[in-house]
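A.B. asks: Sequence and predicted model, in that order:
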Amino acid sequence: MHNKSQPGSLKLRPVEANYSLKDHIYPVLKAAIMDMDIYSAHANLRLDERQLAEQLQISRTPIREALAQLEREGFVEIRPRKGVYVRPKTLPEVLEIVVVWAALESMAARLVTQVASDKEIATLRKLGIKHSTDSKRAEIEEYSEANILFHQKILELSRCTLLSETADRLLQHMHAVRRRAMHEKDRVTRSVVDHMAIIEAIENREPELAAMLVRDHTMKLHDHIKNTWQELQADNTSESR
């Protein structure tokens, strides 16, 4: 026998197991980190490689590679001789993210009024209508996820891939902050009112109004975070379900 492939036969290259495994472990770790309540006073931010390897039932090499990528993206911090820690954002960092995000989504809303079809815009109303008639009873976690989907849909319908991808990268760092912010009294109700106004402006093809409403809506979150940062960082287990 010989190793040469016959003409027309399937040709495969050796698979680098650690590389492909790293690509699988990276989104798993990232999703788990984003799901953490990292601003809680009782949050355990240290990540133990050995425990992660045991839980995932894999070697530590692909975990180290995934953690290195997460560090480059600002999700974790690798401290020499101390370990790996999930990295919460500082107040200035969070406020800066919200400002840039407001600018990006504001432009996205303007573009949506110009390029999206009526059918596509109708999907926004479907997302916004769910809690509009009973916002006071909306579950915080459920609404928080629906809220993120609403904003992501605006970005998607802009048909500007770079704008959408850039905003999405910023949004990933805001999950824990947004979940805590939603616990403020009446915030869900006020958010629903804002969403319905945004939808109406987009449906009426009013680019200036849609852009202004989206920007103002996001900057309300900016002001809320700025004014209540210490409270957002405090433990709120008594409010959680």
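C.D. replies: Looks like it came in fine.

A.B. asks: what about the longest helix seen in the chain, distance to the chain center?
C.D. replies: Longest helix in the chain, counting residues (DSSP state H): helix 207-233. Helix 207-233 sits 16 Å away from the centroid of its parent chain (C-alpha atoms, centre = their mean, to the nearest Å).

A.B. asks: What's the separation between residue 106 and residue 155?
C.D. replies: 11 Å (C-beta to C-beta, to the nearest Å). C-beta here means a position set from N, CA and C on the backbone, and glycine is covered the same way.

A.B. asks: So the two - more neighbours on which side?
C.D. replies: residue 155 (25 against 21; other C-beta atoms under 10 Å).

A.B. asks: Which residues does the helix or strand that one falls within contact?
C.D. replies: Assigned by DSSP states H and E, residue 155 belongs to helix 140-157. With C-beta atoms under 8 Å, 6 or more residues apart in numbering as the contact definition, helix 140-157 has outside contacts at 104-105, 108-109, 111-112, 115-116, 120-121, 123-124, 127-128, 130-131, 135, 163-164, 167-168, 171, 175, 178-179, 182-183, 188, 191, 195, 198, 202, 214, 241.

A.B. asks: CA-only coordinates of it in PDB, if you can.
C.D. replies: Extracted as PDB, the C-alpha positions of helix 140-157 are listed here (Å, rounded to 0.1, in the frame of the first residue of the first chain):
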ATOM      1  CA  ILE A 140     -37.300  41.100  34.400                       C
ATOM      2  CA  GLU A 141     -35.100  38.300  32.900                       C
ATOM      3  CA  GLU A 142     -37.500  37.600  30.100                       C
ATOM      4  CA  TYR A 143     -37.900  41.300  29.200                       C
ATOM      5  CA  SER A 144     -34.200  41.900  29.400                       C
ATOM      6  CA  GLU A 145     -33.600  39.300  26.700                       C
ATOM      7  CA  ALA A 146     -36.500  40.600  24.600                       C
ATOM      8  CA  ASN A 147     -35.100  44.100  25.000                       C
ATOM      9  CA  ILE A 148     -31.700  43.000  23.700                       C
ATOM     10  CA  LEU A 149     -33.300  41.200  20.700                       C
ATOM     11  CA  PHE A 150     -35.200  44.400  19.900                       C
ATOM     12  CA  HIS A 151     -32.000  46.500  19.700                       C
ATOM     13  CA  GLN A 152     -30.200  43.800  17.800                       C
ATOM     14  CA  LYS A 153     -33.000  43.700  15.300                       C
ATOM     15  CA  ILE A 154     -32.700  47.500  14.600                       C
ATOM     16  CA  LEU A 155     -28.900  47.000  14.000                       C
ATOM     17  CA  GLU A 156     -29.600  44.000  11.700                       C
ATOM     18  CA  LEU A 157     -32.200  45.800   9.700                       C
END
